[in-house]
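Engineer: Below: sequence and its predicted model.
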Amino acid sequence: MNSLLRIQAVFIKELMQLKRDRMTFGMVLMIPLIQLMLFGYAINTNVRGIPVGVVDYSSSALSRILMQTIGATQVVKFSHQYMTVADAEAAIARTEVRAVLVIPKDVGQRLARHSTVGLATPASSDQETSRPVAHWLVDGSDNMIAGAIKSLRNMPLAELLSKPVNRGVPTFEVTLLYNPEQRTAVNVVPGLVAIILTMTMIMFTSAAIVRERERGNLEMLITTPVRPIELMLGKIIPYMFIGAIQVIIILGLGHLIFNVPINGSLIQLAGATFLFIMASLTLGLVISTIARNQLQSMQMTIFVLLPSILLSGFVFPYDGMPEPAQYLSEVLPATHFVRLIRGVVLRDVQVVDMSFDLYWLVIFTLVGLLVASLRFKKNLD
Amino acid sequence: MSQPVIKTLGLNRNFGDLKAIQSLDLEVEKGTIYGFLGPNGCGKTTAIRMLTGLLKPTSGEVEVLGYSLPDDAEKLRRKIGYMTQRFSLYEDLTVTENLQFVAKIYGLSGSQQKARINELLDIYGLENQSRQMAGSMSGGQRQRLGLAAAILHKPELLFLDEPTSAVDPENRREFWEQLFDLCDQGTSILVSTHYMDEAERCHKLAILEDGVKRADGSPDELMRTMGAHVVEIASSNLRELKQELLLLPPVVSAAQLGARLRVLIADSIEDPVGYLRQQNSLSGNLSASASLALVRPSLEDVFVTCTGKRR
Ligand SMILES: Nc1ncnc2c1ncn2[C@@H]1O[C@H](COP(=O)(O)OP(=O)(O)OP(=O)(O)O)[C@@H](O)[C@H]1O
Ligand SMILES: [Mg+2]
C-alpha cells in the first residue's frame, strides 16, 4: 500500500517534470515524426535515377535509341558524355557520374547477333559469336549502385527494334510474399519503431538517476524511506506511455503516408511493444546507475544505439551476419523486437509462435530491473 | 538522564588522504538543539551525513535514536528529517507539488496529507507561494520550504545543515523561533552553522576545526571555561598597538572592533588589565589616557581561543 503510494509519488513527479520540460516533450513527438519522414523517403533500396555518363564510339542513331531504352527503365539517367574511357573513369572517380556506358563502334553488329534480339544469322545463341551490346563501367565501391546496374545486365531490348523478344524460360519461378512490390517502406517502417524506441526510451531513463544526482535531489531522496525498486518503477512508468504514443505515431503515419499494411493483431502488437519498451527502459536505468553525469549517460546510450541500428536486422539482414555478430545481435532487445514487429505487422504471425523473442525481452527486463535496483545504493559513498 | 538521541565514539572519516572527521565523540540529549560550529570545510556536512547514514564511517561507532549505523540506516530513515545544505527539493515543481511528493513518500495520503500540507504552508508563511516553482523562490523562502519538507513527517530528530546561510537576520530570528517551537514539541535538533549568534542560541554546541572537535558544552559553560580573559582597549594608534600586543606570549588574539581593540589574554595571567599597563613595550601606543576594561567573553572569543591553539 505505502509502496504503491511511493511509486505513484515518483511517477507523478516525473510526469510533472516532463510536462514542464518543453524541449524534451517536443522531442518525444518530433523524433518519431522527423525520423519517419527521413527514413521513409530517404532510405530506398530500390535505386532510381543514378547519374551516368556515356562514351559513344559509334555515334549512331542506334546508340541514341539504346540510351533512351535504358533511360526508360528509370534506373539510370544519362547526364554526361565523355570522349574517352579514361575521361569517363576520371569522372567516376570524382563522382560526377556513378557509372559509364561504353558503346563500341560495332554496336549495330553486336546488337543484331544478340540473343535478346536474335536476328538469327549466325545463330544468335552462340556464345562465341554473340557478344554483349555495350559495356558498363561502374563505381563498385557502392554495393547498392553496383547491384542496380548489374540488374540491367539482362534487360530486354525489345522496344529497340519493335520486335518480340525471344527470352528464355527462367530457371526459377519466384513469388514474393508480403511485399510483392518490393517497397522499402514496408520493411523500414516497422523496424524504425524498434530504432526510435531504443533511442528515446534509453535516452530518457539513462538520465533519470544521474539528473537527480547532478541537481542535488539525490541526497534528499536517499534519506527518505523510498526503496530503490519503487524509485525505478516510478521513473519508467511515464515513459511507457510516451513509448506507446511514439509507436502509434510511427505505425499510424507509416500506414497513412507510406501505405505500410498492418496485417497482424493490434493486441499482439501492443503486447510485444510493451515488452520491448520495458526492456529498453530498464537498460536505460542500468546505464543511469553507472554513469556519473549526463554526458556519460548520453555516451553510453549511443554505445547501445549504434549496434541496435546496425546489428538488429533493421539495416542488414541478420542471416547475412557472421556468427559472432549474430551472438551480439541476439543480446540486443532491438533484434528480438525487429523480428516480432515485422512478424506481426507484415506477416500476421502469432507472437506465441515467436516465444523465444518474447521470453528474451521479459528476462532482459527483469534482470535489468534487478541490476539497476541493486546498483542503486542509498548512500553517497 | 534519558538515553541520548545521538551518540558517537571515535568517529573517523577519510576521503583518500584527507581526514575529514577525526575521532569525534558526541552525545546529544533528547529534546535539545545541538549546534555544530565551524568554518568552511571543517567537516560539518560530512559529520551530518554519517549521522544520517548517507556516508559510511571509516571507523568508529554511531548510534542514532538507538539504531546502530550504518547497518540500521533504513529503519532510521522514517524517524529523522534532514535538510541538506544545498537546496535538494525539485526546482521545477511548485511548493505544493514538492510537499505532496514528500508526503506520499512518507505514506501520507488523502485528507491527512492535505491537512498537514496546509498546516505547514501556514506555519512557514508559504501560502502565497504555494503555486510558485521552487526554483524561482528567494533564498529565505526556499529555506522555509526545505524545513517544511524535512519536518513534514514529524521526525523525532531533525538534521539541519547550515539552514540559514541565505537568510537575512530578521528572517533568521524567525527561523530560530520556529526551531524552538519544534524543540518544545519534543523534536531533537542538530544544526550546523558558521554564525556565532546562531550557535549561541543552541542548548549545546561543538566547535569543529579541520575535522576535530575543539570544545563542546553549553554556550555559557564554554564561555566560563574558555581559559582566557577578554580586555577591551579604547585608545589611539590601534593598528600599531595590535601588532605589538600580538608579540606578547600570553596574548591569544587581538581584533579591532571599530574604535576598540578586543584582546584575549590567557588566564594564567591573574590581572590582565594590570599586566597590560605594566608592559613597557606598549608604552608608546598605550597612552595613560587609554581605557582598559575587562569584559564578559562572547562565543566568538571562545571560538577564537579554541581554534587558535594550533597556530
Ligand atoms: N566526497 C568527498 N570527497 C572528497 N573530499 C570530500 C568529500 N566530501 C567532503 N570532502 C572534504 O572533506 C572536508 C570537509 O567537508 P565538509 O563538506 O564536511 O565541510 P563543511 O564543514 O560542511 O564545510 P561548509 O561550511 O563549506 O559546508 C573538506 O575538506 C572537503 O573538501
Ligand atoms: Mg557543509
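Structural biologist: Arrived safely, thanks for sending. Ligands and ions are numbered 1, 2, ... in the order given.
Engineer: Tell me which residues touch whatever residue of chain A ends up closest to ligand 1, please.
Structural biologist: Among the residues of chain A, A:L380 lies nearest to ligand 1; the distance is 7.0 Å by C-beta to the nearest ligand atom. Yep, even glycine has a C-beta here, placed from its N, CA and C like the rest. Under the criterion of C-beta atoms under 8 Å, 6 or more residues apart in numbering or on different chains, the neighbours of A:L380 are A:218-219, A:222, B:49, B:54-55.
Engineer: Then A:G234?
Structural biologist: A:6-11, A:13-14.
Engineer: Of the residues you listed, which are in range of ligand 2?
Structural biologist: With C-beta under 5 Å from the ion as the criterion, the contacts of A:G234 include none near ligand 2.
Engineer: Keep only those of those residues that are in helices.
Structural biologist: The helices, defined by DSSP state H, take in A:6-11, A:13-14 from these.
Engineer: Could I get the phi/psi values of B:L9?
Structural biologist: For B:L9, the backbone dihedrals (degrees, to the nearest 10) come out as phi -140, psi 120.
Engineer: right, I mislabeled it, should have said B:N12
Structural biologist: As for B:N12, its main-chain torsions (degrees, to the nearest 10) stand at phi -130, psi 150.
Engineer: what's the helix or strand for the residue lying closest to A:G368 once chain neighbours are set aside?
Structural biologist: Counting by C-beta to C-beta, 6 or more residues apart in numbering or on different chains, A:G368 lies nearest to A:T282, which is 3.1 Å off, once chain neighbours are set aside. Element membership of A:T282 [criterion: DSSP states H and E] is helix A:266-290.
Engineer: Report all helices and strands that that helix contacts.
Structural biologist: Using 3 or more C-beta pairs under 8 Å, 6 or more residues apart in numbering or on different chains; DSSP states H and E as the contact test, the elements touching helix A:266-290 are helix A:184-206, helix A:208-214, helix A:228-258, helix A:294-311, helix A:333-347, helix A:355-375.
Engineer: For that helix, which residues meet the burial criterion?
Structural biologist: Neighbour-count burial for helix A:266-290, counted by 16 or more other C-beta atoms under 10 Å in any protein chain shown, picks out A:268-269, A:272-290.
Engineer: before we move on, what about stretch B:250-261?
Structural biologist: Here stretch B:250-261 shows B:251-254, B:260-261 as buried, counting by 16+ other C-beta under 10 Å.
Engineer: And the strands in the stretch 101-250 of chain B?
Structural biologist: When secondary structure is read from DSSP state E, counting those that start in this stretch, the stretch 101-250 of chain B shows strands at B:157-161, B:188-193, B:204-209, B:212-217, B:228-234.
Engineer: Could you list the residues of chain B in contact with ligand 1?
Structural biologist: In this structure, chain B approaches ligand 1 at residues B:15, B:18, B:20, B:38, B:40-46, B:85, B:194, judged by C-beta under 6 Å from any ligand atom.
Engineer: And the residues you listed, which two are furthest apart?
Structural biologist: Maximum pairwise distance in those, criterion C-beta to C-beta, is 20.6 Å, between B:F15 and B:H194.
Engineer: Which one's more surrounded, these two?
Structural biologist: Under the criterion of other C-beta atoms under 10 Å in any protein chain shown, the comparison of B:F15 against B:H194 puts B:H194 first, with 16 against 11.
Engineer: So what pairs up with B:L24 in the strands?
Structural biologist: Per DSSP bridges, the residues bridged to B:L24 are B:L11.
Engineer: isn't it right next to B:L11, touching?
Structural biologist: Yes - assessed by C-beta atoms under 8 Å, B:L24 is found in contact with B:L11 at 4.2 Å.
Engineer: hmm, back to that, next, format the contacts of A:G234 as TSV and append distance to A:M83.
Structural biologist: Below are these laid out as TSV (distance: C-beta to C-beta, whole Å):
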residue	distance to A:M83
A:R6	79
A:I7	76
A:Q8	77
A:A9	78
A:V10	73
A:F11	72
A:K13	73
A:E14	68
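Engineer: Next up, identify which helix or strand the residue of the stretch 1-150 of chain B found nearest ligand 2 is on.
Structural biologist: Proximity of the stretch 1-150 of chain B to ligand 2 (C-beta to the ion) peaks at B:T45, 3.1 Å away. When elements are assigned from DSSP H and E, B:T45 belongs to helix B:44-51.
Engineer: Can you tell me, leaving aside adjacent residues, what's nearest to residue 146?
Structural biologist: Chain wasn't specified; assuming chain A. The spatial neighbour of A:A146 that comes closest, neighbours along the chain excluded (C-beta to C-beta, 6+ apart), is A:G140 at 4.8 Å.
Engineer: um, chain B though
Structural biologist: Of all residues not flanking B:G146 in the chain, B:M83 sits nearest, at 4.7 Å (C-beta to C-beta, 6+ apart).
Engineer: And the helices in the stretch 201-311 of chain B?
Structural biologist: Remark: helices assigned in the stretch 201-311 of chain B by DSSP state H, counting those that start in this stretch are B:219-224, B:238-246, B:272-278, B:299-308.
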